[in-house]
Structure formats: structure tokens, C-alpha cells
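A.B. asks: No letters, just coordinates:
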């Protein structure tokens, strides 16, 4: 009661105010038994909006605690506050230390839809998406709608030459040409400062050219050894790797074209002195043949006579064009051919990262515009389980994404996919993929995953209970009704960054996206085609 109200109130002769005037409820209501005092006051929901929308409410409305930075994802499942985020935007603004995300979740709960949504949002912000291996396919329709490049790979569907250095050779030649031009300009420069600057640029271009060619050689060596590992289900020996390494150098010196697997076999069969020295044949050709028999047998299986067919033994059909979105379509490979799927995934990942490195080297030298890329590595578990040493191959591919200017998304179903590796050292390295990620996004997961997930990401009991509840299949009562049944956890994800509390988010799609995110086409398209097939019309006079 205000002072004026108290002054105007009729005061009794005793000088005391009435009890009704003195008695006031506390901040939590009336005190006393049965009076309704609240033991705990629930915090009010917080909302965020533009100044135009809430101008009449200011300053009594504050902002919510969810970040709005990056690709708009959806709303907070508890408060309804808008949420935005992606690994590249958060890294640029210092919210995470690594521009990468690891996505976990049971099948058909929206993992691929979330990543496609982020891919589309980043593309609108000038970040080029690279889908290095689409097995279902989940991303082909999206990349086609964006006007990107679709590269098909599989038995009878395309070829990817693993000995092709790609654009590295042409890029190195451009860099050396630029270095020579800088040196010529430096010789004619009269200003010492300008001369020094040109010489520095020339040295830098020469260094980048050398690094590109060395990286191209190492990538080809690693790819051949990885394929042999998948063929044998164990790694090649040390002397076999040395033989492949030297044979690749010999091929580069002999050929004025891009070599093929068949050329590599021919070099080993020719038995040059360099290879015989590595094989320690001691002048005995039979010792050399014994030392190289198993290697040549493995290479023959990659040269069109094994289960891989001619996928890796013929010239590359479609080189990557990094000026536009790219997807490698591997949907033509059957799910029963796990080793072929893993080999193609590794080949696509290796090719993609190598081409990105070429683009960055040209940009560093000022020969191409600077671009950033968002690389999606789906179905990670297939490659990890394909053979001994595959964890190390993937690990080497994914460690330098921050320095290479590449954002990255790695996707698998559960932590059990990583824990199923044969040795403890490989399991630890695979958990490192999750631990090193800037953000970890968890969808619906079973209760048995919580202990394994906690080894890599700290989850509170409430967060664990939320993830488990999202895996619930939902009620039985609406099955067969006119409306399609929606599971509780469909399109819901928990965004975790370090030890911070996770942010539960419900994904929201635009009307344009919904037609591009249908991963069940084979369940309804054929049926609609059969049911609605046109009735053939008989021509007049026909029997």
C-alpha cells in the first residue's frame, strides 16, 4: 500500500491500522498451515524475439539461454526458445575449439535429416558441402537440388583411380610457374622491399608445390595399403609397404600419364634393382618372386579380377569440382558387400581431403579464391570394422580439419559401433573421434549405451533419462489411424559441448526441405506406381 493510500485510509481512534491492511502475503504466498505457501517457485519460461515483436513489452522480457549463432536448427524442447548452431559458426566465434561434430543416434530418428539441414544452411552461408560417401542415398536429392555434382561409384557404376594424384600435379605446375614469375619480377625490381616480397612469395609457392606432390604420393601409398588391408583383413608387411612406395616413385619417373593399378603390377613384375634390394633377394630371382607373390596376388584382386571389379583399376570418370557441392553416390553397392562399401568410403574420403588440400594450397598462393568446406563422413562404423589398421587410416584423415579450413561431421549409430573393434588401442582411438569433436549431438539411444557414452562425453542422469525416453517407440493406440504415428524422439537431439549442460532441441524443417528428406521412398513410391498405373488403351480394330 502506498503512502498516500495509507494517509487517506480511515484510522481508528486507537491509532492502529486494521489487521486486513497490515496482513500481506509473502513472496511465496500466504504463510501458515493450509494457506497455500509455495515451497518452490518455478522459473518463468524465457523467450527471445526481435525488438519489433516485443517492443511493447521491453524491458520486462529478457533473452533465453540458448545460443542463436549459425544455422537455425529448431526450438528448445522445454522452453520453446529458438536454437541455432553448427560446428563452423561456433568455431569461428570461439564457442568450440574444433570445427567438427559427432552425431550418434538410433536408425530412423533423424540423424541424416539433421545433417542435411545443417549442410543446406551452411551452403547458404558460403560453405561448400562435400558428402564423401552416400550409401543409402540420403544426400543425392539435396545436392542435385542445390545444383551440385553427383559422382556415382560402385561395381558397374563408375571408376575411381586410387593412383591418380588428382589436381595435385596441375596445381603444383601452376605454383612453380607462379614462383618463376615472382623470381623474374624480383630480378627486375628496383625497390629492395618489393624484391624481398617477391622472393618470399616465390619460395612459398615452391614450398607449397613440394608439399602437394609429397602429400599426393603419401595418399596413394596409404590408399593402396588400405585396400590391401581390406582384401586380406590384415595389414601388409613393412617390406611390402616399402616395395609399393618405391614402385610408385618408379612409375612417376617412367610414365608421362596417370598410372593405374595394372602399371604398378607391371613394375613389380619387372623386378628393377631398386625393388630387388628392398626385397633382399641377394641376387636370387626366386627369393624376389617369393617375397612379392602375396603382394602381386593382392594387387590382382584390385585390378579387375577380384570382388572390387574394375572400380579402382580404370581412369577416374568424374574428377571432383570443388567450386560446387559434391556427393559420392555409393547406393549401388549392396549392404551385404561390407568390405566393398568400406573400401569405397575410404577412397572417397581420401580423394575428398586431398582435393581440399589442393584448393587451399592454390588459395594460399593467391591463385584461387579462398573457400571453406563442410565434409560429411556418414556410416563411419563400416570403414572402422573393415580390417586391421583402418582406425589409424581414418584417424590420419580427420586430425587436421582445423588447420585445413574444413568443418566435419562424423555419423554413426551408437558407441557400440566403436567399442566393437578388436583391440583396446583401436577402441581408444575410435573414442578419440568423439572426444576431439567440438560438439557431440545425441539422438535417441538405448539405456545400454549410457555407460559407454559417458567414457567420451559427460552426461547427467537427467540427460541420460531424456535420451533413453526418446528411444521409446510411442503409444500403440494410434496405429492404423488416419494420422501417421510419430515417435517421441523423432527429430530431437541433445547438443553437448564439453562439460556444459546439453541443450535439447526439436528440429524444425521448412516446407522445401521436407520433400528432400524422405528416406523411405522405396516403401511408398513402388506401391503408388502399381496402384495408380494407367490402364492400357486398346487401339481401334486391335484384337
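C.D. replies: Here it is on my side, so go on. All figures in this text were calculated on a predicted structure; none of them were measured in a lab.
A.B. asks: how near is residue 120 to residue 376?
C.D. replies: 12 Å (CB to CB, to the nearest Å). C-beta: built from backbone N, CA, C; applies to glycine.
A.B. asks: Neighbour count: these two, which is higher?
C.D. replies: Counted by other CB atoms under 10 Å, residue 120 and residue 376 do not tie: residue 376 has more neighbours, with 26 against 21.
A.B. asks: Just confirm the more buried one is within a strand.
C.D. replies: Yes: counting by DSSP: H, G, I helix; E, B strand; the rest coil, residue 376 is located in a strand.
A.B. asks: what about it, distance to residue 133?
C.D. replies: Taking CB to CB, one finds residue 376 at 8 Å from residue 133.
A.B. asks: do the same with residue 487
C.D. replies: In terms of CB to CB, residue 487 sits 27 Å off from residue 133.
A.B. asks: who has more neighbours, those two?
C.D. replies: More crowded of residue 487 and residue 133, by other CB under 10 Å: residue 133, with 27 against 18.
A.B. asks: element containing the more buried one?
C.D. replies: Here residue 133 sits within strand 128-134, counting by DSSP states H and E.
A.B. asks: Figure out how far stretch 462-469 is from the centre of its chain.
C.D. replies: 25 Å (CA atoms, centre = their mean, to the nearest Å).
A.B. asks: quick one: contacts of that stretch?
C.D. replies: Contact with stretch 462-469 is made by 442-447, 450, 459, 488-489, 494, 496, 501-502, 504, as judged by CB atoms under 8 Å, 6 or more residues apart in numbering.
A.B. asks: Apply 7 Å and report the result again.
C.D. replies: For stretch 462-469, contacts defined as CB atoms under 7 Å, 6 or more residues apart in numbering pick out 442, 444, 445, 446, 447, 450, 488, 494, 502, 504.
A.B. asks: what's the burial count for the last one?
C.D. replies: Think residue 504. When neighbours are counted by other CB under 10 Å, residue 504 comes out with 22.
A.B. asks: residues contacting the closest residue to it other than its chain neighbours?
C.D. replies: Spatially, and ignoring its direct neighbours in sequence, residue 504 is nearest to residue 77 (4.3 Å; CB to CB, 6 or more residues apart in numbering). Neighbouring residues of residue 77 by CB under 7 Å, 6+ apart: 492, 504, 505, 506.
A.B. asks: doesn't the third one fall inside a helix?
C.D. replies: No: assessed with three-state DSSP, residue 505 is strand; it does not lie in a helix.
A.B. asks: Quickly list what it is bridged to.
C.D. replies: Bridge pairing for residue 505 (DSSP bridges) gives the partners residue 76, residue 493.
A.B. asks: Can you tell me how far it is from residue 495?
C.D. replies: From residue 505 to residue 495 the distance is 6 Å (CB to CB).
A.B. asks: Find the centremost residue of the chain, please.
C.D. replies: residue 409 (2.1 Å; CA atoms, centre = their mean).
A.B. asks: Please read off the pLDDT at that residue from the model.
C.D. replies: pLDDT recorded at residue 409 is 91.
A.B. asks: What ranges in the stretch 401-543 of the chain fall below the confidence cut-off?
C.D. replies: For the stretch 401-543 of the chain, the stretches with pLDDT under 70 are 401-404, 475-485, 517-543.
A.B. asks: which stretches of it form strands?
C.D. replies: 406-412, 439-442, 492-496, 503-507 (DSSP state E, counting those that start in this stretch).
A.B. asks: residues making contact with the strand holding residue 133?
C.D. replies: For strand 128-134, using CB under 7 Å, 6+ apart, the contacting residues are 119, 122-123, 139-140, 143, 322, 325-331, 344-345, 348-349, 352, 371, 373-378.
A.B. asks: Please report the distance of residue 249 from residue 279.
C.D. replies: Using CB to CB, residue 249 is found at 16 Å from residue 279.
A.B. asks: Who are the contact partners of the nearest residue to residue 68 once chain neighbours are set aside?
C.D. replies: Spatially, and ignoring its direct neighbours in sequence, residue 68 is nearest to residue 84 (4.6 Å; CB to CB, 6+ apart). By CB under 7 Å, 6+ apart, residue 84 lies in contact with 67, 68, 69, 70, 71, 72, 73.
A.B. asks: try 10 Å this time
C.D. replies: 66, 67, 68, 69, 70, 71, 72, 73, 74, 90, 121, 505 (CB atoms under 10 Å, 6 or more residues apart in numbering).
A.B. asks: same deal with residue 276?
C.D. replies: 243, 282, 283, 284, 285, 287, 288, 291, 292.
A.B. asks: From these, pick the one nearest residue 168.
C.D. replies: Residue 168 lies nearest to residue 243 out of the contacts of residue 276, by CB to CB, at 22.8 Å.
A.B. asks: what pLDDT, on average, does the helix or strand hosting the closest one get?
C.D. replies: Taking DSSP H and E as the criterion, residue 243 maps to helix 238-254. Helix 238-254 carries an average pLDDT of 93.
A.B. asks: That helix: which residues count as buried?
C.D. replies: Residues of helix 238-254 classed as buried: 240, 241, 242, 243, 244, 245, 246, 247, 248, 250, 251, 252 (neighbour count, 16 or more other CB atoms under 10 Å).
A.B. asks: From the rest of the structure, what touches the helix or strand just after it?
C.D. replies: Downstream of helix 238-254, the first helix or strand assigned by DSSP H and E is helix 261-270. With CB under 10 Å, 6+ apart as the test, helix 261-270 has contacts from 161-163, 220, 224, 227, 243-244, 246-251, 254-255, 257, 259-260, 274-275, 279, 288-289, 292, 295-296, 299-304, 308, 310, 312-314.
A.B. asks: go again using 7 Å as the cut-off
C.D. replies: 163, 243, 247, 250-251, 255, 275, 292, 295-296, 299-300, 302-303, 312-313.
A.B. asks: That one versus helix 238-254: what angle between them?
C.D. replies: Computed with axes from the mean of the first three to the mean of the last three CA atoms, to 10 degrees, the direction of helix 261-270 lies at 110 degrees from that of helix 238-254.
A.B. asks: Centre of the chain to the following helix or strand past helix 261-270, how far?
C.D. replies: The helix or strand immediately downstream of helix 261-270 is helix 273-279, counting by DSSP H and E. Distance of helix 273-279 from its chain centroid, counting by CA atoms, centre = their mean, is 41 Å.
A.B. asks: Stretch 145-157 too?
C.D. replies: 18 Å.
A.B. asks: Can you give me the first-to-last residue distance of that stretch?
C.D. replies: 22 Å (CA to CA, to the nearest Å).
A.B. asks: residues contacting residue 240?
C.D. replies: Contacts for residue 240 (CB under 7 Å, 6+ apart) come out as residue 295.
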